[in-house]
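Chemist: After the sequence you'll find the predicted model.
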Amino acid sequence: MGTEADLKLCGAALVDGRPLACAECGNTFSLEVHKRTLFEIAPAWVCCLACGHGGEHQGVTNGLVDAVLSGWVRRQKSGDRDTFTATWRGTVMSGQLLPTMDIYQAIGAAQAVRDGATPEVKRWWRGTKRQAKNKVKRSLRVARGRAQDTVDTAKAGALTAAWTLQTGGAGPTTRRRARRCTVKGCRRGMVTIRTRFHSTTGKTQKVQVPCGFCHRAERMTP
């Protein structure tokens, strides 16, 4: 006999018009029926969930349990009950089963999960598409930049090769730009000051004197 009940009765069940009750406490509710052997005529084991007592019932056989399982009417809509009426070798049993799987509850739970998950799924899908688009755009920008660099390098190389072919390599030499003097007012090695000591008239006037920091005026003098 397995631990899982073959019949889980909900409410009172009738066997030949008499209530199926626990032999110990007389409980007619919350009963479970187990098949013990492979023989159809063998009595089934009736277990009471109220007191825990279990025992064989001569009116409920394995064949009658199989007839109940093959003929019980499953609920067709929410609110119906899983009722059964079975006959085996002249013994009639009727009652209501506790549904092991309520399809309507399963459908309702699936709809609730779907309704709750739909916004999250949509948000995740939008974020995923946005990331994919940004990745593609970045890749395109990098590829375009590299292509432009390649084109610019090729143009510069072609121009240089053409100039070298025409002039034999002659051309203007590039001079490095001299660094600017950091002395305030120094322009090309000369500093403009207002003084009367360097004036020929003895009055204060603007005079240009060589910069003593960069000495550029001295280097420019031939």
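Modeler: Perfect, thanks for sending it.

Chemist: Just want the phi and psi numbers for residue 184.
Modeler: In terms of degrees, to the nearest 10, the main-chain angles of residue 184 are phi -70, psi 130.

Chemist: Mind jotting down where the helices sit in the protein?
Modeler: Counting by DSSP state H, one finds helices in the chain at the ranges 62-71, 103-167, 216-220.

Chemist: And this structure, split by domain according to the record?
Modeler: The chain resolves into domains spanning 7-96, 186-220 when parsed by automatic domain parsing.

Chemist: which of these is buried the deepest?
Modeler: The highest average neighbour count among the domains of the chain, using mean count of other Cβ atoms under 10 Å, belongs to domain 7-96 at a mean of 16. To be clear about C-beta, it is placed using only N, CA and C from the backbone, and glycine gets the same treatment.

Chemist: quick check, distance from that domain to the centre of its chain.
Modeler: Counting by Cα atoms, centre = their mean, to the nearest Å, domain 7-96 is centred 49 Å from the centre of its parent chain.

Chemist: Can you measure across it, start residue to end residue?
Modeler: For domain 7-96, the first and last residues are 10 Å from each other (Cα to Cα, to the nearest Å).

Chemist: For that domain, what does the pLDDT average out to?
Modeler: For domain 7-96, mean pLDDT rounds to 82.

Chemist: rewinding a little: highest average neighbour count across the helices of the chain?
Modeler: Greatest burial across the helices of the chain, using mean count of other Cβ under 10 Å, falls to helix 62-71, with a mean of 18.

Chemist: hmm, back to that, out of the helices of the chain, the one nearest residue 45 is which?
Modeler: The minimum distance between residue 45 and the helices of the chain falls on helix 62-71, with 9.9 Å, by Cβ to Cβ.

Chemist: Are there helices or strands packed against that closest one, and which ones?
Modeler: strand 7-8, strand 43-48, strand 83-88, strand 91-96 (3 or more Cβ pairs under 8 Å, 6 or more residues apart in numbering; DSSP states H and E).

Chemist: Please work out the angle formed by the directions of that helix and strand 91-96.
Modeler: Taking axes from the mean of the first three to the mean of the last three Cα atoms, to 10 degrees, helix 62-71 and strand 91-96 form an angle of 50 degrees between their directions.

Chemist: Make JSON lines out of the helices and strands packed on helix 62-71 and add distance to residue 166.
Modeler: Shown next, in JSON lines, are these (distance: least, Cβ to Cβ, whole Å):
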{"stretch": "strand 7-8", "distance to residue 166": "102"}
{"stretch": "strand 43-48", "distance to residue 166": "109"}
{"stretch": "strand 83-88", "distance to residue 166": "106"}
{"stretch": "strand 91-96", "distance to residue 166": "106"}
